[in-house]
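S.K.: here is my input; please provide its structure:
(one chain, ligands or ions: 1)
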Amino acid sequence: MPEHSSSTGDCPLAEGVLQALARVIDPEIRKPITELDMVGDVSVDPDGLASVVIKLTITGCPAATAIERDVRTATLGVAGVTAASIQVTVMSRDERSALTEKLRGPGGARQTQFGPDSLTRIYAVTSGKGGVGKSTLTANLAVALAARGLAVGIVDADVYGFSIPGILGLVHDGVAVKPTRVDDMILPPVGYDVKVISIGMFVDDNAAVAWRGPMLHRTITQFLSDVYFGDLDVLLLDLPPGTGDVAISVGQLLPHAEVLVVTTPQPAAADVAERSGVVARQTGQKIVGVIENMAGLPQPDGTVLELFGSGGGLEVARRLSEGQDAAVPLLASIPLSVALRSGGDAGAPIVLSDPADPASVAILAIAETLAARPRGLARRPLGVSPR
Ligand SMILES: Nc1ncnc2c1ncn2[C@@H]1O[C@H](COP(=O)(O)OP(=O)(O)OP(=O)(O)O)[C@@H](O)[C@H]1O
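M.R.: Predicted structure coming up:
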């Protein structure tokens, strides 16, 4: 049984309530509230009235309403409890530091959660130029992986076009949901079971970001250290298009990240797409494969409209394979899709809302390929040498 700071006065019914509360999950941290020491005293009087004290991390925590509701439902679900009185309080400073330490490890120290020893598979999604659908694919791929039961996070590092929050329904009235802060720990908002952190959550009014390299580097470093993602199976990074400062920072901070190169079908785009892959490789990252997006649009008469030509994805894969031990595969060719575009605008990823759309089918197939790759230290240096 996990350690907890709650007191039940050895009352069996109160113990039952505590056990039921172990099934209440904090929607932001995604762990049972009992493990997060968010449950204070629990008692049940002889008439069956249960009194539960809940300790939130901070006042006005956006998850408060959901937690209170779930605690009430769980408490009332215990046989013998006739009514529930839930008192919502806030953790003391010491309790909060104990929690951050518990989540982040000894000292609560800021450290990169995705160092070389991490078992999380990290995919940096890159493209040669903007507007090829990199963010749309990153978001839908993340949702598809999460729907398969994997723990998934996204770092939206696309400083010039931070569109991930919108695609995942985390923008309301034009403003991105702000992450909750617990002291210096940042809790990423969750959209469709995917934990998301985005530069767009830290700028006001969708303002354009004109940051120089060092500032961008600090921001990416902070995203990887101060944002509490928990134990992820997969982390996707949406990089800005091209080969700029962010791509280089990510290459330095996460040399073990693997790269997905997104390109459009016109062969003329192959040069720039190839370049983004080559830069990633120069920082030590492995290219997992190429995704061709905006391929032929099927017409009602059965013909296919190749608005952006064809063959670009295969061409980029061929060029990136040159001189390599293993060929870089073309993972998928995703057709133009009105539903994919409108789902992105509406904050409703089509892999969930319209899984039969040909674009969804292609994205779900990529998710299947990626999910089949085991989590682990494969390919990583083990720090030992043969004798
Ligand atoms: N297969 C597709 N069919 C139709 N529309 C698409 C497709 N893929 C993406 N789009 C649309 O194209 C536009 C650009 O997509 P997106 O923002 O994902 O590109 P991006 O490569 O991330 O751009 P940037 O890096 O410049 O932000 C969006 O409106 C998106 O909905």
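
S.K.: from here on, contacts and neighbour counts on C-alpha atoms
M.R.: Will do.

S.K.: where along the stretch 201-350 of the chain do the strands fall?
M.R.: 234-238, 258-263, 286-295, 297-298, 304-305, 330-335 (DSSP state E, counting those that start in this stretch).

S.K.: name the strands paired with the fourth one and say parallel or antiparallel.
M.R.: For strand 297-298, the paired strands and their directions (DSSP bridges) read strand 304-305 (antiparallel).

S.K.: residue contacts, residue 268?
M.R.: residue 312 (C-alpha atoms under 8 Å, 6 or more residues apart in numbering).

S.K.: contacts for stretch 232-241?
M.R.: The contact list for stretch 232-241, computed with C-alpha under 8 Å, 6+ apart, reads 119-130, 134-135, 138, 142, 150-161, 246-247, 375.

S.K.: in which helix or strand does the residue sitting furthest away from the middle of the chain reside?
M.R.: Largest separation from the mean C-alpha position in the chain: residue 46, at 45.9 Å (C-alpha atoms, centre = their mean). Using DSSP states H and E, residue 46 sits in no helix or strand.

S.K.: and it, how far is that from the ligand?
M.R.: Separation of residue 46 from the ligand (C-alpha to the nearest ligand atom, to the nearest Å): 59 Å.

S.K.: closest one to the ligand among the strands of the stretch 201-350 of the chain?
M.R.: Ranking these by proximity to the ligand (C-alpha to the nearest ligand atom) places strand 286-295 first, at 4.1 Å.

S.K.: CA atoms of that closest one as CSV?
M.R.: Output of strand 286-295 as CSV, limited to C-alpha atoms (Å, rounded to 0.1, in the frame of the first residue of the first chain):
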residue,chain,number,x,y,z
LYS,A,286,18.8,9.1,-36.0
ILE,A,287,16.2,9.5,-38.7
VAL,A,288,13.4,7.1,-38.2
GLY,A,289,11.6,7.8,-41.4
VAL,A,290,10.0,10.3,-43.8
ILE,A,291,6.3,11.2,-43.8
GLU,A,292,4.8,12.6,-47.0
ASN,A,293,1.8,14.8,-46.4
MET,A,294,-0.7,16.5,-48.7
ALA,A,295,-0.5,13.6,-51.2
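
S.K.: got the residues of the stretch 151-300 of the chain near the ligand?
M.R.: With C-alpha under 6 Å from any ligand atom as the criterion, the stretch 151-300 of the chain meets the ligand at residues 161, 240-241, 293-294.
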